[in-house]
Each structure stands twice: as C-alpha cells, then as structure tokens.
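Q: Whatever this is, show me its structure:
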Amino acid sequence: MKNPPAWLKSAVFYQVYPQSFHDSNGDGIGDLPGLIAKLDYIAGLGCNAIWLNPCFVSPFKDAGYDVSDFYRVDPRYGTNADLRRLFRESRRKGIRVLLDLVAGHTSDEHPWFIESSKAAPRRYRNRYIWTRDWLDGVGSGLSLVQGGAERNGNYLVNFFACQPALNYGYACPDKDKPWQLPVTHPEAEETRAELRKIMKFWLGMGASGFRVDMAASLVKNDPGKRETIRLWRELRTWLERENPEAILVSEWGYAPEAVDAGFHADFLLFFGTRAYTTLFRAEPERDIFRHVSPEVFYPNEEPRARTTRSFFDRAGRGDICEFLGTFLDHLTRIEGRGYMALPTGNHDMPRLSQGRTPEELAVIFAFIFTMPAIPFIYYGDEIGMQHIEDLPSKEGGYTRTGSRTPMQWDGSAGRGFSEANPSKFYLPVDTAKGAPQVAALEQTQGSLLHTVRALSALRAKHPALAADAEFEPVFAQTKRCPFVYVRRHKSNRIWVALNPAGKRTSVELPPECAKARVLAGKGRLIEHPQQPILKMPPFSFWIAETT
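A: From the prediction side, this is the model:
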C-alpha cells in the first residue's frame, strides 16, 4: 500500500450531523442546501475537510445508520444533485467531503432484505446471515432476531434489531452450522463487490473518501480480524488505483489493526482502548457506557479498574501517562503508514463541554490542534454547545440524543437553525440562559470560537504541528500538571505546555526554551542559571517556537 495522500497530514475535519446543522427550507430538519450555505463558516474555522453523517434514504430507526438505499440521498436532506453540489462547492473553498459508509448492515426495509426474508427468496438469499431454521442459534449468544420474517430462520444483526448484518462470510465457519458461509463463498464475494460499487458511485459524484461505520464488524468469527483486515486491504488497493487522493477513516478504535487493514486513519474513541476516555470522559457523568463491562469495549487490553478522573479535569488529579503509554505505542506502530484521528467528540458521546468552562475547553483544543493526530471537531464543540440531559430518545439516540441538538447560530428563538416554529424542530434547541451561539461569540474578544480559529491557523502555518511531524514528551508525570511536549519539523520546534487544572503550576524547560518565541496562550518564562522555568496560571496553555 502507498503512503497516505499528502493532504491528510494537514487536514482538520468538521463533523456535520446533517439533520441538526442548518435547515434551508423551514421544515425543522437540517439539509444539504443548509450545509452548503454554511461552508464559509466551516472554512473560517480553518477546517479543510468535512465528515458528513449518513444522508441516504432510511426509515431513520437509527438516525440514518439504517440505510434502505445506498445510492440515493434521503428527500429530507435534498437530492443527489444537492450532494453533488456540496462536493463541488466545498472543493471550490478548499474543503473535501467524506461520506459516512455503513458497510456492515442495512435497514430491515432495504429491498435486499425484503427479498431475502421471503419464505422462498429468489435473490439475495445469502446477502444477509440467516440460520437454517427458526430454532438455530438460540442460546448461542449471537445477536439474532427470531420470528421477524416469513423465512424459516433467524437473522443476525449488527447493532439494533432493524439492522440485519450483511454477509461477508465467516473466517472460521462451524462445520455443524452450514449457514455460516466461508469468505470465499460466491454470495459473500457478491456482498464485497456491492460495497465496492457503492464506493465507486459516490467517488464518481465527487466524494473524497469515507468514514466507515463499525469497520471491524464485517467478517464474522474472525480471530485477530485477519479476514476483515484482508477485505479492507483489497479495497484500499482498489481505491489507490481508482482514486489515489481519496481516503478511508475507520471507526475501529485500535489504530495498529485499522492501519494494517488499509485505513488511512483510525479514531481514538471510547472503545478499543482506554486512551481516549482517560483524556476527556473518564468521570461517570461523562461516560454513557459506564454500565457496560470494560471487556466489551477494550478487548485488546488487560482487565483493570476503570479510570475515575480525566486528565483534562479541573481537579488536576488525572493521569496523562495512562493516555501517553498507549498513544506512543500506537504512534510507533503506524508511523509513516497512517494516522490517529483525535475528535472533540461525536454523535455517540456526551458533549465535551459537559461540566467544563470555555477556559477549560480552550486547553483541550490546544491539545487537539498540536498533537500528532488529525483533529476532528464535532459541530458546535467550537462554541461550547452543551449536552442536553433527559431528552426523549429520537431515532435511536437514547442517551446520545442530548449531543445531537440543533446548531446554535444566533440568539433568536430558533437559534438561527431554522425558520420553522421551534416546536417542529428535529430536536429542541438549547434555550438556557447564556447558551453559546456563533453570532455572539463572533463579537466577543477571546471567546472559545476565536481561540479555536487561532489554534487552527497556527497548525496550518507550522509544519511542525502537522500529523506526521515528530513528537516527544518533555514533562509527563503521573497525576501532575502540566503536560509538556515538543513537535519537530527539520530545524523548527514547537513547544506545548498544557495546564488543565484549576490551580497554578510551574515546570522547568530545556535551556533552548529561554529564547522561545511565544505563539499562543498564557505563561511566564523566568530565566534561571540552569533551566528556564515556565509558570502557568490555572486552565492555561503555552505554545512557543524555537529554531
């Protein structure tokens, strides 16, 4: 496989949840024309790429992750022509667009599944994974739906009951279960060919690649994910021939495996490894999966007690070393072949702002923009949008629903999201006093929005802050602040110090920092005969340059 396209190392992504971003036609649901109207805003953040959550035809039992037509935009968002226009207008502004590719399942209302579930299907008999009989698989621990179809059999699901798993075959089929097809079975290979066809269609329309949902879920009973990795490597090889500038970003959660599989980048997430959770969401009130056994989400790690404090916590009792050990290991294992993606959050997590002030959030953004990873900003995090608690579940959102509320553009009753009556909105807007909104923060000197823009511009200006530049921790101690590191590109060095705690701190820096030129943040450098000392106020970051 070739090295990742050059543009990716300096990419900054903006995640758009389309139904909640901007409504252009007054029906209370965000749409593609609404997104197109806000492209200048996204470009103004310094973002040169967009990840667009699913916008395809769907019954929306899981907010569009239950696709019933992979080749058509759902009418509530617009048309295929609107999506093509989004690709075109985005490119004019220097922005690439990744579509969300749901590769492992479809909706149970997809025509393939409707045909497959008939008593005697003529087509797509094995497009999904069906047991041989309605009693097969009962009590086996498989995620099966029983009695959901005419067909004498049960079907395997990938997530919700409405999401039947597509059949890519079994890596190790059980000879006593003939319904478990090998990956070489012609109908399993047909599923793979259909996935490539979907990708080719949207690449031809102008997409710059795909974020792949549940990317590791395709081949079943696959120890070490060997066959799933082989499948994606084949698709990567095909993609490099078809469109060498296009990329694949995985929802895998374990970068060494994902990059081996051919993905250009893999998300640090709340599963796969504890590393991400220890940064921002270790506290129970910020961990929506706190009731789930750790082994479910961290199969690659030794069982241990759940972390109780995030490093980016005002008490200053978090441990950056919990994150750093895993991060450095993964960084070494994927070097030169791919990247880790570092998100502020996404549609599955509580908002980053939960329980934090704008000053605390600014320190987190300084971290995200200066680490050797690809930043992903979840819409609204740049203004500090809040997670709204106790909302009724919408389209399968459940506890995630509070992170999916409409973008807050201004101080009007509808927050500038839509001209519809707010009672008709996809979800209610945040009406709390002081709820952040773009228009006000634009006019506020030193606001979080301005800080995010400044940090994004800083990253774009300095190759030493690109995802592929060298990284070395300078000061990282258990339950101590600050965290200090240096980024290098040729002779240029960028020094970063982060103090997420609500108390002052200080640290000795290498002698060369005595002549550092401050680029951003707060901190006072004091001369010392041996080493300069950096004194930092509460909730602060300090970024400086030496050459």
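Q: got the phi/psi numbers for residue 450?
A: When read as degrees, to the nearest 10, the backbone of residue 450 gives phi -70, psi -40.
Q: Just the pLDDT for it.
A: Looking at residue 450, its pLDDT is 98.
Q: Is it correct that it is in contact with residue 443?
A: No - proximity of residue 450 to residue 443 does not meet the contact threshold set by C-beta atoms under 8 Å, at 10.0 Å. (C-beta placed from N, C-alpha, C; glycine too.)
Q: For the stretch 351-500 of the chain, which segments are assigned as helices?
A: Secondary structure of the stretch 351-500 of the chain (DSSP state H, counting those that start in this stretch): helices at 358-370, 438-442, 448-461.
Q: same deal with the stretch 101-250 of the chain?
A: So, for the stretch 101-250 of the chain - with DSSP H, counting those that start in this stretch - the helices run 111-116, 186-205, 226-242.
Q: Any chance of those helices in TSV with mean pLDDT, mean neighbour count and distance to residue 488 as columns?
A: Formatted as TSV, the helices of the stretch 101-250 of the chain follow (pLDDT from 0 to 100; neighbours: other C-beta atoms under 10 Å; distance: least, C-beta to C-beta, whole Å):
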stretch	mean pLDDT	mean neighbour count	distance to residue 488
helix 111-116	98	18	51
helix 186-205	98	16	35
helix 226-242	97	18	29
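Q: between those helices, which gets nearest to residue 14?
A: Closest approach to residue 14 among the helices of the stretch 101-250 of the chain (C-beta to C-beta): helix 186-205, 19.0 Å.
Q: picking that back up, can you put the helices of the stretch 101-250 of the chain in a markdown table and add distance to residue 261?
A: Shown next, in a markdown table, are the helices of the stretch 101-250 of the chain (distance: least, C-beta to C-beta, whole Å):
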| stretch | distance to residue 261 |
| --- | --- |
| helix 111-116 | 25 |
| helix 186-205 | 14 |
| helix 226-242 | 4 |
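Q: These: which one's closest to residue 248?
A: Nearest to residue 248, of the helices of the stretch 101-250 of the chain and by C-beta to C-beta, is helix 226-242 at 6.6 Å.
Q: hey, C-alpha coordinates of the closest one in PDB?
A: Output in PDB follows, covering the C-alpha atoms of helix 226-242 (Å, rounded to 0.1, in the frame of the first residue of the first chain):
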ATOM      1  CA  ARG A 226      -7.500 -11.400   9.800                       C
ATOM      2  CA  GLU A 227     -10.200 -11.800   7.100                       C
ATOM      3  CA  THR A 228     -11.700  -8.400   7.900                       C
ATOM      4  CA  ILE A 229      -8.200  -6.900   7.500                       C
ATOM      5  CA  ARG A 230      -7.700  -8.700   4.200                       C
ATOM      6  CA  LEU A 231     -11.000  -7.500   2.900                       C
ATOM      7  CA  TRP A 232     -10.200  -3.800   3.700                       C
ATOM      8  CA  ARG A 233      -6.600  -4.100   2.300                       C
ATOM      9  CA  GLU A 234      -8.100  -5.300  -1.000                       C
ATOM     10  CA  LEU A 235     -10.400  -2.300  -1.000                       C
ATOM     11  CA  ARG A 236      -7.500   0.000  -0.200                       C
ATOM     12  CA  THR A 237      -5.500  -1.400  -3.100                       C
ATOM     13  CA  TRP A 238      -8.500  -0.900  -5.400                       C
ATOM     14  CA  LEU A 239      -9.000   2.700  -4.100                       C
ATOM     15  CA  GLU A 240      -5.400   3.600  -4.800                       C
ATOM     16  CA  ARG A 241      -5.900   2.600  -8.400                       C
ATOM     17  CA  GLU A 242      -9.400   4.200  -8.700                       C
END
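Q: Which residues does it contact?
A: Applying C-beta atoms under 8 Å, 6 or more residues apart in numbering, the contact partners of helix 226-242 are 1-2, 168-169, 171, 183, 192, 195-196, 199-200, 203, 215-219, 222, 246, 248, 250, 257, 260-263.
Q: Report the distance from that helix to the chain centre.
A: Helix 226-242 sits 21 Å away from the centroid of its parent chain (C-alpha atoms, centre = their mean, to the nearest Å).
Q: swap in stretch 59-75?
A: 19 Å.
Q: just to revisit the earlier point, among residue 450 and residue 443, which residue is more densely surrounded?
A: residue 450 (16 against 8; other C-beta atoms under 10 Å).
Q: so what secondary structure elements neighbour the helix or strand hosting residue 50?
A: Assessed by DSSP states H and E, residue 50 sits inside strand 49-52. Counting contacts by 3 or more C-beta pairs under 8 Å, 6 or more residues apart in numbering; DSSP states H and E, strand 49-52 packs against strand 13-16, strand 96-102.
Q: Show me what the shortest one pairs with in its sheet, parallel or antiparallel.
A: The strands that strand 13-16 pairs with in its sheet are strand 49-52 (parallel), strand 374-378 (parallel) (by DSSP bridges).
Q: any chance of the ones you listed in JSON lines, plus distance to residue 461 and mean neighbour count?
A: Listed next are the strands paired with strand 13-16 as JSON lines, based on distance: least, C-beta to C-beta, whole Å; neighbours: other C-beta atoms under 10 Å:
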{"stretch": "strand 49-52", "distance to residue 461": "18", "mean neighbour count": "23"}
{"stretch": "strand 374-378", "distance to residue 461": "15", "mean neighbour count": "25"}
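Q: Can you find the helix or strand in the chain with the smallest mean pLDDT?
A: Lowest by mean pLDDT, DSSP states H and E among the helices and strands of the chain is helix 294-297, with a mean of 54.
Q: Which SSE is immediately downstream of it?
A: helix 320-334.
Q: just the angle between that following helix and helix 358-370, please?
A: Put simply, helix 320-334 runs at 20 degrees to helix 358-370, going by axes from the mean of the first three to the mean of the last three C-alpha atoms, to 10 degrees.
Q: what's in contact with helix 320-334?
A: Residues contacting helix 320-334 (C-beta under 8 Å, 6+ apart): 254-256, 259, 268, 273-276, 278-279, 307, 311, 340, 372, 471, 473, 476-478, 483.
Q: Drop anything exposed from these.
A: Buried members of the contacts of helix 320-334, counted by 16 or more other C-beta atoms under 10 Å: 254-256, 259, 268, 273-276, 278-279, 307, 311, 340, 372, 471, 476, 483.
Q: What about those residues, which are in strands?
A: Counting by DSSP state E, the buried ones among the contacts of helix 320-334 place 340, 471, 483 in strands.
Q: Switch those over to CSV, and while doing so, append distance to residue 124 to every line.
A: Converted to CSV, those look like this (distance: C-beta to C-beta, whole Å):
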residue, distance to residue 124
340, 37
471, 48
483, 53
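Q: And those, which is closest to residue 419?
A: residue 340 (40.3 Å).
Q: Correct me if wrong: that closest one contacts residue 265.
A: Yes - using C-beta under 8 Å, residue 340 is in contact with residue 265, at 6.8 Å.
Q: so what sits against both of the two?
A: residue 374.
Q: Next one, pLDDT for residue 301 please.
A: With respect to pLDDT, residue 301 has a value of 64.
Q: sorry, back to before: tell me how far the strand holding residue 50 is from the chain's mean position?
A: 10 Å.
Q: repeat for stretch 428-437
A: 24 Å.
Q: element containing residue 545, please.
A: strand 540-546.
Q: relative to helix 448-461, how tilted is that strand?
A: Using the same axes, to 10 degrees: strand 540-546 against helix 448-461 is 20 degrees.
Q: Now do strand 540-546: everything it contacts.
A: 362-363, 366-367, 370, 458, 462, 492-499, 512-513, 515-523, 534, 536.
Q: Let me have the helices of the stretch 351-500 of the chain in a markdown table, adding distance to residue 345 as columns.
A: Output for these, formatted as a markdown table (distance: least, C-beta to C-beta, whole Å):
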| stretch | distance to residue 345 |
| --- | --- |
| helix 358-370 | 10 |
| helix 438-442 | 18 |
| helix 448-461 | 14 |
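Q: And residue 465, how close does it get to residue 374?
A: 12 Å (C-beta to C-beta, to the nearest Å).
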